[in-house]
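**Student:** Please work out how this folds:
(chains A, B, C and D, ligands or ions: 8)
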4 protein chains.
Amino acid sequence: MRILFLGDIVGKPGMAAIKSELPRIRDQHRLDLVIANAENAADGSGLTVRQFDKLVRGGVDAITMGDHVYRKREIYERLESDTRIVKPANFPDVAPGKTWTTVTAGDGTEVAVFSLLGRVYTRPVDCPFAAADRVLEELPADVRVRIVDIHAEATSEKQLLGRYLDGRVSAVLGTHTHVPTADATVFPGGTGFQCDVGMSGPYESVIGRNIERVLKTAVTFEPVHYHVATDDVRLCGALLDVDPATGKCQRIERFEHRVEA
Amino acid sequence: MRILFLGDIVGKPGMAAIKSELPRIRDQHRLDLVIANAENAADGSGLTVRQFDKLVRGGVDAITMGDHVYRKREIYERLESDTRIVKPANFPDVAPGKTWTTVTAGDGTEVAVFSLLGRVYTRPVDCPFAAADRVLEELPADVRVRIVDIHAEATSEKQLLGRYLDGRVSAVLGTHTHVPTADATVFPGGTGFQCDVGMSGPYESVIGRNIERVLKTAVTFEPVHYHVATDDVRLCGALLDVDPATGKCQRIERFEHRVEA
Amino acid sequence: MRILFLGDIVGKPGMAAIKSELPRIRDQHRLDLVIANAENAADGSGLTVRQFDKLVRGGVDAITMGDHVYRKREIYERLESDTRIVKPANFPDVAPGKTWTTVTAGDGTEVAVFSLLGRVYTRPVDCPFAAADRVLEELPADVRVRIVDIHAEATSEKQLLGRYLDGRVSAVLGTHTHVPTADATVFPGGTGFQCDVGMSGPYESVIGRNIERVLKTAVTFEPVHYHVATDDVRLCGALLDVDPATGKCQRIERFEHRVEA
Amino acid sequence: MRILFLGDIVGKPGMAAIKSELPRIRDQHRLDLVIANAENAADGSGLTVRQFDKLVRGGVDAITMGDHVYRKREIYERLESDTRIVKPANFPDVAPGKTWTTVTAGDGTEVAVFSLLGRVYTRPVDCPFAAADRVLEELPADVRVRIVDIHAEATSEKQLLGRYLDGRVSAVLGTHTHVPTADATVFPGGTGFQCDVGMSGPYESVIGRNIERVLKTAVTFEPVHYHVATDDVRLCGALLDVDPATGKCQRIERFEHRVEA
Ligand SMILES: [Fe+2]
Ligand SMILES: [Fe+2]
Ligand SMILES: [Fe+2]
Ligand SMILES: [Fe+2]
Ligand SMILES: [Fe+2]
Ligand SMILES: [Fe+2]
Ligand SMILES: [Fe+2]
Ligand SMILES: [Fe+2]
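**Tutor:** Ligands and ions are numbered 1, 2, ... in the order given. I've put the predicted structure just below:
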């Protein structure tokens, strides 16, 4: 089966690209499932209910989030009750949302989806290794296809989680840095890995934001609002071929689709 | 003219690959100049005098460093007196080493080389933007080809420095994360950019180190020595075509050379 | 001469305490000068023009700030043109404000005031040691009394700056952690030192904020606005006796004034 | 009953002071129990078995540790098997050591002891709030006297833990910054609190280390070994009166004992 995992959808440009491009991409690549990280949809930070609904209508089957998961309070309800979105699995029990979910792919395969937040250079969270172990224990044993979003800063931490989960999940795919890495590979145990799949948004930018705005603050220390940028919109992610019977990743390649201006 | 910039050389495997592969690579790609970051040469941290000499003999024309620059005290003398190695330009004045240098390429072009350390998530250092301005003011005006190593963790900071220096230098090339990014591009002003060129060392590893060792500490908190790994050695970097008259980058592409086992 | 240095004024409770208490305190302790850090005056973050004017009218002779200095854009004008307020001296040249100032104390002594931001665990800034050296070089040589606010997180960095400046300034006084330390002392060279003088605001709180609000986010990860607390208001600082002829600190003691409810 | 809690014992000077001073202090203050944090005993980092034995012989009834707990591998065995030492309770299950212990005080009261590591600005660890809840659930209900070491950097995090545990434990006492705070108090629920009790070691220093050595690296970036300092040795801590029947803290005061040179 073929799965597309898209990195952090950023702002209106990212949302618009999903709407205009994803249907064609689904057909062209004969996708059975689309998963997307949507933590930056709402003007760069968080996800609104309206955006959630648009993504689902636009062909996204499951949504992961990141450090910005709770920026929009209105999404808490979807996090609690809708099976198409998860919170990071190493967040507190009392934090809104589910730690994992399963969705049915186009070919009928049940696919488990969960995400982990890294804790090197990011906000303090509980151990992602232990959280992954807990989720894998809870997952129905017959759900063999398992896709993990590792939302983290440090390359070492992402590689460590990929190695830790090698052979136990279908893929460990990085998000958060908003820059795609050139290291997509299948680890010895059959787990697809890419350190970061890159963002889905405007690349004529500083990680999705207006260049001049971010530069202004960096140089003068005057805080300004970082508008989401507008140009060179791309959908970036990873394209996976997974054996539905074993959950093994047969092939992974970096995915990049440039939106015509 | 053609320049190869290689990312962090890691340990013995990285050093051995330079020795065995670089002569052939120089010929094959008709390189006029080779620059390499060597901050991880000495068992993963620092650079010895003997290694410095080996790199120079092996065909490396200029060496940059990073946060590990002062790990081996013996290299201070080279940092002070040898024109083929620089310290990060935003380090203190009193810190050992020069903030920039120029070297003569195979085609006779003078090429300026300097490096900056990022300060987001890394050790506290002085403003890299201001340091770059100072170096550019000091550089002889007729040295048009200028290669900058931005040794940093955060993608945002690397992109910002690339944009800040766009049109003023030939290339801004990232190091430190040890994972190559898939974003090599020439910015509108004519500056080549890649967020990280990746390390030159063993890729069957966690950023160059033995997987089991790093995983052990991550999971159990017991500190252990992180041995340099051994397998899947690659030389990674960026390959640049630069106009020697204007210093503009005409073409940049990601470079990856896998060493036969 | 006698100088009172007050730590971070927090919100309305801190502002009200200055107004109601400072006149009496000035008399009672026969103060020649009052300096206050006001970075948290505006609802916990930043300083408004109206608050600046109130502080000056209320008896504050000079104002230092911290990481929140630029939160209120309206204060930039005062930072640029008014001699009673300074920005951190290790902020960029282009950042709004002066790096040092002098004010005339009640006994006629000219007193220099400047502040430094630490960079261990805080936002990246330029070297505070080098910035202090620059300020001391610029200061008129006959201004012997010099008060330094070290606004920093790490105790090691504050102690280091105190030791570095020992014998060159009258006092190095810590702010930012909002908790007074019990280590007020005069260093061998004659510089008064206290690692943190504590905040001027509500102590029935978490560093000035409403306990329940901060606890809520810490435990559930749901972001909420951290209201400034209201109860157990204290003005905290350091009380210094300084020799106006030599600038040596003769005596330092921790200052704490509890406001009657 | 009366309990003395001593902060981070630093190096030989700290160890020597325990040996020479503690017996007299025990008598003079009629102590029923002495608890000490010993994470910096072994030349500033870690604890050896020999030192553990010396502390116990010298009158320390229970030992807590901090981020340096595993620096000396030889102590793992004591951490696993000896009831007088605990690891931080929010460390991984698989990490060596127990999360809590009980010791019998001189008056016959059973006293529970545990420690938590903060995670703001420190190494990533699991939630200290949840870990405290787990320990309190495991503790025998009839053990009413409970002393908690919160080993953390940020004042906000320490205050939060104190407030979170107010009414459920006898005292929450801070360590790690090595500077005593002037905020010892009993919270409304009957829990004694002090943000940091200070270190037990040489105060003519930078947090226990030789001033010149630390200053050298701060200014020049050249790494050097930070020797433990030698002068102005003090034992610092908190002195508690606790009701053995209810576990309520009746009185807390800052403790500081200066060793005669
Ligand atoms: Fe993120
Ligand atoms: Fe993101
Ligand atoms: Fe590095
Ligand atoms: Fe490196
Ligand atoms: Fe602050
Ligand atoms: Fe503050
Ligand atoms: Fe510590
Ligand atoms: Fe310590």
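**Student:** how about the strands of chain A, start to end?
**Tutor:** A:2-6, A:33-37, A:62-64, A:101-104, A:110-117, A:145-151, A:171-175, A:185-186, A:192-194, A:201-202, A:233-242, A:249-258 (DSSP state E).
**Student:** Next, work out how far apart A:V60 and A:V103 are.
**Tutor:** Distance from A:V60 to A:V103, counting by Cβ to Cβ, to the nearest Å: 10 Å. No exception for glycine: its C-beta is placed from N, CA and C like everyone else's.
**Student:** the more surrounded of the two?
**Tutor:** Higher neighbour count among A:V60 and A:V103: A:V60, with 22 against 17, using other Cβ atoms under 10 Å in any protein chain shown.
**Student:** list the contacts for that one?
**Tutor:** With contact taken as Cβ atoms under 8 Å, 6 or more residues apart in numbering or on different chains, A:V60 is in contact with A:L6, A:I18, A:L22, A:V34, A:I35, A:A36, A:A38, A:R84.
**Student:** Need the per-residue pLDDT for it.
**Tutor:** Confidence at A:V60, expressed as pLDDT, is 98.
**Student:** So it versus ligand 8, what's the distance?
**Tutor:** For A:V60, the distance to ligand 8 equals 48 Å [Cβ to the ion, to the nearest Å].
**Student:** cool, and A:E138?
**Tutor:** Distance, A:E138 to ligand 8, by Cβ to the ion: 39 Å.
**Student:** Ignoring the adjacent residues along the chain, who's closest to that residue?
**Tutor:** A:W100 (6.8 Å; Cβ to Cβ, 6 or more residues apart in numbering or on different chains).
**Student:** wait, that neighbour sits on A:R134?
**Tutor:** No. A:W100 lies out of contact with A:R134 (Cβ atoms under 8 Å); the separation is 9.2 Å.
**Student:** Show me which of those two is the more surrounded one.
**Tutor:** Between A:W100 and A:R134, counted using other Cβ under 10 Å, the more crowded position is A:W100 (21 against 17).
**Student:** so what's A:N210 up against?
**Tutor:** A:Y226, A:H227, A:V228, A:A229 are the contacts of A:N210 under Cβ under 8 Å, 6+ apart.
**Student:** Show me the two of those that sit farthest apart.
**Tutor:** A:Y226 and A:A229 (9.2 Å; Cβ to Cβ).
**Student:** quick one: which of the two has more around it?
**Tutor:** Using other Cβ under 10 Å, the more surrounded residue of A:Y226 and A:A229 is A:A229, with 25 against 21.
**Student:** Relative to A:K12, how far out is that one?
**Tutor:** In this view, A:A229 and A:K12 are 10 Å apart by Cβ to Cβ.
**Student:** Identify the contacts common to the two.
**Tutor:** In contact with both A:A229 and A:K12: no residue, using Cβ under 8 Å, 6+ apart.
**Student:** among the strands of chain A, which is nearest C:P244?
**Tutor:** From the strands of chain A, taking Cβ to Cβ, the stretch that ends up closest is strand A:110-117, at 55.8 Å.
**Student:** relative to strand A:233-242, how tilted is the closest one?
**Tutor:** With axes from the mean of the first three to the mean of the last three Cα atoms, to 10 degrees defining the directions, strand A:110-117 sits at 130 degrees from strand A:233-242.
**Student:** Could I get the strands of chain A in a markdown table, plus columns for distance to C:R144?
**Tutor:** A markdown table is the format used below for the strands of chain A (distance: least, Cβ to Cβ, whole Å):
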| stretch | distance to C:R144 |
| --- | --- |
| strand A:2-6 | 64 |
| strand A:33-37 | 59 |
| strand A:62-64 | 61 |
| strand A:101-104 | 69 |
| strand A:110-117 | 53 |
| strand A:145-151 | 55 |
| strand A:171-175 | 57 |
| strand A:185-186 | 66 |
| strand A:192-194 | 62 |
| strand A:201-202 | 56 |
| strand A:233-242 | 61 |
| strand A:249-258 | 64 |
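**Student:** What separates the first and last residues of stretch A:92-110, distance-wise?
**Tutor:** Stretch A:92-110 stretches 26 Å from its first residue to its last (Cα to Cα, to the nearest Å).
**Student:** Next, the buried residues of that stretch.
**Tutor:** Buried residues in stretch A:92-110, counted by 16 or more other Cβ atoms under 10 Å in any protein chain shown: A:P92, A:A95, A:P96, A:G97, A:T99, A:W100, A:T101, A:T102, A:V103, A:A105, A:T109, A:E110.
**Student:** so who does the second one touch?
**Tutor:** Residues counted as contacts of A:A95 (Cβ under 8 Å, 6+ apart) are A:Y70, A:K87, C:T220, C:F221, C:E222.
**Student:** Can you say which of those residues are buried?
**Tutor:** Here, 16+ other Cβ under 10 Å leaves A:Y70, A:K87, C:T220, C:F221 buried among the contacts of A:A95.
**Student:** Find the pair from those residues with maximum spatial separation.
**Tutor:** A:K87 and C:T220 (11.3 Å).
**Student:** Are there residues contacting both of the two? Which ones?
**Tutor:** With contacts taken as Cβ under 8 Å, 6+ apart, A:K87 and C:T220 have A:A95, A:P96 as neighbours in common.
**Student:** ok, the residue in the stretch 51-200 of chain A positioned nearest to ligand 7 - contacts?
**Tutor:** Nearest residue of the stretch 51-200 of chain A to ligand 7: A:P124, at 16.0 Å (Cβ to the ion). Residues in contact with A:P124 (Cβ under 8 Å, 6+ apart) are D:R119, D:V120, D:P124, D:V125.
**Student:** Find the centremost residue of chain A, please.
**Tutor:** A:N37 (3.0 Å; Cα atoms, centre = their mean).
**Student:** Figure out which of the strands of chain A is closest to chain D.
**Tutor:** Among those, the nearest to chain D by Cβ to the nearest Cβ is strand A:110-117 (10.4 Å).
**Student:** now stretch A:188-205, how far from the centre of its chain.
**Tutor:** Averaging C-alpha positions (Cα atoms, centre = their mean, to the nearest Å) puts stretch A:188-205 9 Å from its chain's average.
**Student:** Tell me the span between the first and last residue of that stretch.
**Tutor:** End-to-end span of stretch A:188-205 (Cα to Cα): 36 Å.
**Student:** How about the contacts made by A:R234?
**Tutor:** A:R234 touches A:A17, A:G198, A:S200, A:G201, A:Y203, A:E256, A:H257, A:R258, A:V259, counting by Cβ under 8 Å, 6+ apart.
**Student:** who wins for proximity to B:L165 among the strands of chain A?
**Tutor:** Of all the strands of chain A, strand A:201-202 comes closest under Cβ to Cβ, at 21.0 Å.
**Student:** The closest one and chain B, are they touching?
**Tutor:** No. In terms of Cβ under 8 Å from any Cβ of the partner chain, no part of strand A:201-202 sits within range of chain B; the closest distance is 12.4 Å.
**Student:** So in that sheet, which strands flank that strand, and in what orientation?
**Tutor:** strand A:233-242 (antiparallel) (DSSP bridges).
**Student:** so A:T109 touches A:V145, yeah?
**Tutor:** Yes. If you go by Cβ under 8 Å, A:T109 and A:V145 touch, sitting 5.7 Å apart.
**Student:** tell me, what's touching these two both at once?
**Tutor:** With Cβ under 8 Å, 6+ apart, A:T109 and A:V145 have common neighbours A:M1, A:P244.
**Student:** give the contact list for whichever residue of the stretch 101-250 of chain A sits closest to chain C.
**Tutor:** Taking Cβ to the nearest Cβ, chain C has its nearest neighbour within the stretch 101-250 of chain A at A:F221, 4.5 Å off. By Cβ under 8 Å, 6+ apart, A:F221 lies in contact with C:Y70, C:F91, C:P92, C:A95.
**Student:** Contact residues of the stretch 51-200 of chain A facing chain C?
**Tutor:** Counting by Cβ under 8 Å from any Cβ, the residues of the stretch 51-200 of chain A lying close to chain C are A:Y70, A:R71, A:R73, A:Y76, A:F91, A:P92, A:V94, A:A95, A:P96.
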